[in-house]
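K.L.:
from the sequence below, what's the structure:
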Amino acid sequence: MSQTHVRLEIRERVAHLTRARPEHGNAITVEMAGELAEAAAHVTDAPGVGAVLLSGEGPSFCVGGDVKSFGRQGDRVSEYLRPTATALHAAVSRLVRLDLPLVAAVQGAAAGAGMSLACAADFVIAADTARFTMAYTKIGLSVDGGSSYFLPRIVGMRRTVELMLTNRTLSAEEACAWGIVTRVVPAADLAKEARTLATSLALGATRALRAAKRLVREGWNESLETQLERETREIVEAGRSADAREGIQAFVEKRVPRFRGE
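P.N.:
A predicted model of the protein is given here:
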């Protein structure tokens, strides 16, 4: 796979997805969006991966779309936005549909599509210097990256409308209080803390984690009875796994389980 703007490395069962345009604040271009989608697809077929860690090189997680490249399009900006949004949305969909725990390590600016990517993650570890803003309407554009799906589910309708229409900037602590961020850590500890969390998830009972995430994601619009039936099917299936047998036995024996993702 191409790795000009997005690097994929697999270590200790964690797929590290690093967006690497630090000199541009990891601003998203059609090329970067395409590489992110390609990397997410590659993780789908990679054996033994138990978690994904999404990060960005340099001082910013992601400043959003590459507005300078938008400006160079002139009257053709709409034609440029379509493939960019399409590739970005393919990446978001693939990352979420992996069912693997997705951890985002956020430093500096998470603006526009950068904030959307953070909202798509299951865990957001933020540096105490991080800041979050939608920013789209500030330049006359509507939102993308799944933010209109994820953000209302995280913060509610009223706060979502405020963030999208006023472009209010949230500090890391404010974003944590609103539920956008899981944990705030000193900037110097961000990489270590995010990596530790991702590794602990990757070494857990992978099938159970996948099932739990899938049930939560798919349960938003289902009836109680449908969701209960899904829970029954998932827990019965999980009970057939080697990890379930190991986890139960470890509990009985009062020891730490040794999961293998099976």
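
K.L.:
the helices in the stretch 101-250 of the chain, which residues?
P.N.:
Under the criterion DSSP state H, counting those that start in this stretch, helices of the stretch 101-250 of the chain are mapped to 113-120, 147-155, 157-166, 172-177, 190-202, 206-218, 224-239, 242-253.

K.L.:
among the ones you listed, show me which one is buried the most.
P.N.:
Of these, the one with the most neighbours on average (mean count of other Cβ atoms under 10 Å) is helix 113-120, at a mean of 28. All C-beta atoms are positioned from the backbone trio N, CA, C, and that covers glycine.

K.L.:
what angle do it and helix 157-166 make?
P.N.:
Per axes from the mean of the first three to the mean of the last three Cα atoms, to 10 degrees, the angle that helix 113-120 makes with helix 157-166 is 170 degrees.

K.L.:
helix 113-120: how far from the chain's middle?
P.N.:
7 Å (Cα atoms, centre = their mean, to the nearest Å).

K.L.:
repeat that for stretch 207-224.
P.N.:
Worked out by Cα atoms, centre = their mean, stretch 207-224 lies 16 Å from the chain centre.

K.L.:
tell me where the model's unsure across the stretch 1-150 of the chain.
P.N.:
1-2 (pLDDT under 70).

K.L.:
about what we covered before: would you list the helices of the stretch 101-250 of the chain in JSON lines and tack on distance to R76?
P.N.:
JSON lines is the format used below for these (distance: least, Cβ to Cβ, whole Å):
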{"stretch": "helix 113-120", "distance to R76": "20"}
{"stretch": "helix 147-155", "distance to R76": "25"}
{"stretch": "helix 157-166", "distance to R76": "26"}
{"stretch": "helix 172-177", "distance to R76": "35"}
{"stretch": "helix 190-202", "distance to R76": "38"}
{"stretch": "helix 206-218", "distance to R76": "36"}
{"stretch": "helix 224-239", "distance to R76": "46"}
{"stretch": "helix 242-253", "distance to R76": "52"}
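
K.L.:
which of the ones you listed sits closest to V103?
P.N.:
Closest of the helices of the stretch 101-250 of the chain to V103 is helix 190-202, at 4.5 Å (criterion: Cβ to Cβ).

K.L.:
may I have the closest one as CSV, with CA atoms only?
P.N.:
Output in CSV follows, covering the C-alpha atoms of helix 190-202 (Å, rounded to 0.1, in the frame of the first residue of the first chain):
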residue,chain,number,x,y,z
LEU,A,190,0.4,11.5,25.2
ALA,A,191,2.1,9.0,23.0
LYS,A,192,2.9,6.7,25.9
GLU,A,193,-0.6,6.8,27.5
ALA,A,194,-2.3,6.2,24.1
ARG,A,195,0.0,3.4,23.2
THR,A,196,-0.4,1.8,26.7
LEU,A,197,-4.2,1.9,26.3
ALA,A,198,-4.2,0.5,22.8
THR,A,199,-1.8,-2.3,23.7
SER,A,200,-3.9,-3.3,26.7
LEU,A,201,-7.0,-3.5,24.5
ALA,A,202,-5.2,-5.4,21.8
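
K.L.:
which neighbouring elements make contact with that helix?
P.N.:
Applying 3 or more Cβ pairs under 8 Å, 6 or more residues apart in numbering; DSSP states H and E, one finds that helix 190-202 contacts strand 14-19, strand 51-56, strand 102-106, strand 123-127.

K.L.:
and the helix or strand following the first one with strand 14-19, angle?
P.N.:
Next along the chain after strand 14-19, taking DSSP states H and E as the criterion, comes helix 30-45. Interaxial angle of helix 30-45 relative to strand 14-19 (the same axes, to 10 degrees): 170 degrees.

K.L.:
and the angle from helix 30-45 to strand 51-56?
P.N.:
Going by the same axes, to 10 degrees, helix 30-45 makes 170 degrees with strand 51-56.

K.L.:
cool, thanks, talk later.
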